[in-house]
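# Task: produce atomic coordinates for the following.
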Amino acid sequence: MQTNTPISTPTRPTLTHLIQLDGVRFIAVALVLFDHWTMERIELPVGALGALGVTIFFVLSGFLITRILLSSKDKLSNQPNGGLSKYLKTFYIRRTIRIFPVYYLTLFILALVNEPPVRQKFGWLALYATNIYIAFYHTWMGTVDHLWSLAVEEQVYLFLPLLLFIIPRRYVPVTALCMIVGSVGLRYVLYRAHLPWFIGYVSTPTCLDSFGLGALMAYGWLYQRERFVRFFTPTSWVWLSLIGFIAVGVLNNWISIDSPRGYHNIMSDVWERLAASLFGFFLIGRAILGFGGLMQWVLENPVSQYLGRISYGLYLYHNFVFNVYHTKPTHFTVRSWNWLTNQLPFLNSSYFFQFSFFFFLTLLIAVVSWHLIEKPINALKDKFSY
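Next up, the predicted model:
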């Protein structure tokens, strides 16, 4: 079995880079792009793959952020007031350096080129409140729809650091379990109240089962390493949880035939995210230890690793390159594709070519963004170490 870090528990666990998690990021963003660009063309009996990709990102964030915060708290515990000031300052400075520059630059550029939802809802976007807008006004936001998940992440960052600092370490697992149960329970309450399905989909409190599972992993990895290794070593858990997610999707489609709510019945609105979270939980847990064989190659090959590193840009930009429902025929990418197919008509023979074109454009923007903006700015994080 390939491992990324020693199994023995150190006095203060180091924040080593877990290489296969970059491959997991690649899988998550690939699911999102595939789902968003094949809508209306490919129907699968497993629910929305884009939602699965986003959920994997949430579980991964829960693990990485909790690992960082608990490790930082341990390091600073002998300082006056437990080091709360440095704990919060370091975390928020590093998060700001990683996330804000390219996000706000994107908003400003899109506002300058008059992207309608950016101009019209700039304040909501700037405050990372797109999910609140969607839930409050019961409507989506066009080409900025996907930014709801980034809003959820930022809102979690507002309360999770302080929560993990205040509660004693031994209560972290209980807190995580409360997040899981409370989130599923709230989705059920919203479902029973007959509210629009997307309220339970985009609201931060209804996403916390994913983050809670990630927090449980972080606690086990830091403080119960031997138990963590025993629990996540069997690869069978990954495949069983994947089968569970597929089963929820199949059952959802079966129920939707006679359900007055159609596709958005109790399976999709309440249980699908938990099933996706459990798959993400076992996938990430096993990747932390290190897959072998074919999965090791999938997660560690140079392409997966690179695309995983630039996954933030791929996710951020893809909806502006092309959106099935909101991109107009006059959009630059559509006009470019039409010009290209006029020169090479055979490209219209399969949607594969058009999908590849959108991916190439998104990849090009993400690569430029990574090397010219994100990577140089990220280097500043070294000045604010945990």
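
# Low-confidence regions, the protein specifically.
1-14, 44-47, 81-82 (pLDDT under 70).

# residue with max distance from the center of it?
Distance from the C-alpha centroid of the chain peaks at Q343, with 38.2 Å (C-alpha atoms, centre = their mean).

# Using PDB, write out every CA atom in stretch 50-63.
Coordinates of each C-alpha in stretch 50-63 appear next as PDB, following Å, rounded to 0.1, in the frame of the first residue of the first chain:
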ATOM      1  CA  GLY A  50     -22.000  18.100 -11.300                       C
ATOM      2  CA  ALA A  51     -23.600  18.000  -7.900                       C
ATOM      3  CA  LEU A  52     -21.500  15.000  -7.100                       C
ATOM      4  CA  GLY A  53     -18.300  16.900  -8.100                       C
ATOM      5  CA  VAL A  54     -19.300  20.000  -6.000                       C
ATOM      6  CA  THR A  55     -20.000  17.700  -3.000                       C
ATOM      7  CA  ILE A  56     -16.600  16.000  -3.300                       C
ATOM      8  CA  PHE A  57     -15.100  19.500  -3.200                       C
ATOM      9  CA  PHE A  58     -17.100  20.300   0.000                       C
ATOM     10  CA  VAL A  59     -15.900  17.100   1.700                       C
ATOM     11  CA  LEU A  60     -12.300  17.800   0.700                       C
ATOM     12  CA  SER A  61     -12.600  21.400   2.000                       C
ATOM     13  CA  GLY A  62     -14.000  20.100   5.300                       C
ATOM     14  CA  PHE A  63     -11.000  17.800   5.600                       C
END
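
# which outside residues touch it?
Counting contacts by C-beta atoms under 8 Å, 6 or more residues apart in numbering, the residues outside stretch 50-63 that touch it are 21, 24-25, 27-32, 34-36, 149, 152-153, 156, 201, 207, 210-215, 217-218, 221, 245, 272-273, 276-277, 279-281, 283-284, 288, 315. The C-beta positions use only the backbone N, C-alpha and C, and glycine is treated the same way.

# Ok, stretch 78-94 next?
Residues contacting stretch 78-94 (C-beta under 8 Å, 6+ apart): 68-69, 72-73, 75-77, 157, 161-162, 165, 381, 384-386.

# measure the residue farthest from the centre of the chain to N323 for me?
25 Å (C-beta to C-beta, to the nearest Å).

# Same check on G285?
On the measure of C-beta to C-beta, G285 and N323 end up 34 Å apart.

# Any buried residues in the helix or strand encompassing L160, and which?
Taking DSSP states H and E as the definition, L160 sits inside helix 148-166. Within helix 148-166, the residues scored as buried using 16 or more other C-beta atoms under 10 Å are 148-157, 160-161, 164-165.
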